[in-house]
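Asker: structure for the following, please:
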Amino acid sequence: MPHRKLIARLLAVVGLSEHDQARLECMPHTVKQFKDAEIVTWQGERTVRCTVVMSGFLSSQRVVSGRNQISSFYVPGDVPDLQTLHLPFAEHDLCSMGKSTVALISHSHLRQMLMASPGLTNAFWRETLIQAAIYREWVENLGSRAALPRIAHLFCELTTRLEMVGLLDNDRFHLPLTQQDLADACGLSTVHVNRTVQELRKMGLIEWHGQIVSLLRRDLLEEVAEFGADYLHALEVSNSPPGRLQSVSPKPPVM
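Answerer: Numbering: from 1, shown residues only. Take a look at the predicted model:
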């Protein structure tokens, strides 16, 4: 069901009442599955629905000066095109990375639901602001970091975002990306990405076999990446180790 990871995602960053969770559980939706590299939404398309990632990864991408540029990755629980509620034309292609399953929810239903619930309006507004914060971090990562910390930072971010929705297992996670995808996301050549990934392996920081990534020394990887999770704005459990974020169910905000 599409609401499960979406609710987990929202609970990781903001409070939701039981009534608002029930509203999300009852959303009418259409489930669609996509193959690797299949386009979910085309750049310039006028859309009348939002996409909830149920499983797999999506990316936001477009061709810039003849080169494909990935500007965002989306994991289960994300709503990558939430902004189309107010900006209806897609600015990028929304593409499936590996196999993925999404739920499509009409703009009309979302608008009615948000008008009826200040709590959900607050939650989705906050989610849009967090997506903008992630985008700013990506700009700074591409513009200011060398290749090694740049790629390390991407691994750290994906690890934390997957952890927030319960998809991290002892610092191991499923990653349906190729080195070409990393190159397109990090503004590097595939040769440079390959060398950098090999360096991270030689440093004993990661293992990457098939589509499984394991962080062997997460704290050190975060140090190499200069990674701080504050920009993800996750709610922390008070007794969690620094940098370890877990989803919690706080009291809903007072509206």
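
Asker: low-confidence stretches in the stretch 1-150 of the chain?
Answerer: The model of the stretch 1-150 of the chain has pLDDT under 70 over residues 1-2.

Asker: list the buried residues for the lengthiest helix in the chain?
Answerer: Longest helix in the chain by number of residues (criterion: DSSP state H): helix 118-144. Buried residues in helix 118-144, counting neighbours by 16 or more other C-beta atoms under 10 Å, are found at 119-120, 122-124, 127, 130-131, 134, 137-138, 141-142. For the C-beta atoms, the positions are set from N, CA and C on the backbone; glycine is no exception.

Asker: turn the residues you listed into JSON lines, including distance to residue 25.
Answerer: Conversion of the buried residues of helix 118-144 to JSON lines gives the following (distance: C-beta to C-beta, whole Å):
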{"residue": "119", "distance to residue 25": "14"}
{"residue": "120", "distance to residue 25": "12"}
{"residue": "122", "distance to residue 25": "18"}
{"residue": "123", "distance to residue 25": "14"}
{"residue": "124", "distance to residue 25": "16"}
{"residue": "127", "distance to residue 25": "17"}
{"residue": "130", "distance to residue 25": "22"}
{"residue": "131", "distance to residue 25": "23"}
{"residue": "134", "distance to residue 25": "26"}
{"residue": "137", "distance to residue 25": "31"}
{"residue": "138", "distance to residue 25": "32"}
{"residue": "141", "distance to residue 25": "36"}
{"residue": "142", "distance to residue 25": "38"}
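
Asker: going along the chain from the longest helix of the chain, find the next helix or strand for me.
Answerer: As assigned by DSSP states H and E, the chain's next helix or strand after helix 118-144 is helix 147-164.

Asker: that following helix vs helix 118-144, what angle?
Answerer: Orientation check (axes from the mean of the first three to the mean of the last three C-alpha atoms, to 10 degrees): helix 147-164 against helix 118-144 gives 160 degrees.

Asker: packing partners of the longest strand belonging to the chain?
Answerer: Using DSSP state E to assign secondary structure, the strand with the most residues in the chain is strand 49-64. Here strand 49-64 touches helix 3-11, strand 30-34, strand 39-41, strand 67-74, strand 93-106, helix 107-116, helix 179-186, going by 3 or more C-beta pairs under 8 Å, 6 or more residues apart in numbering; DSSP states H and E.

Asker: relative to helix 147-164, how tilted is it?
Answerer: 170 degrees.

Asker: and strand 49-64, what's buried?
Answerer: For strand 49-64, by 16+ other C-beta under 10 Å, it's 49-54, 56-61.

Asker: before we move on, what about stretch 201-209?
Answerer: Counting neighbours by 16+ other C-beta under 10 Å, the buried set in stretch 201-209 is 205-206, 208.

Asker: now those as JSON lines including distance to residue 223 and secondary structure?
Answerer: Output for these, formatted as JSON lines (distance: C-beta to C-beta, whole Å; DSSP: H, G, I helix; E, B strand; the rest coil):
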{"residue": "205", "distance to residue 223": "10", "secondary structure": "coil"}
{"residue": "206", "distance to residue 223": "14", "secondary structure": "strand"}
{"residue": "208", "distance to residue 223": "19", "secondary structure": "strand"}
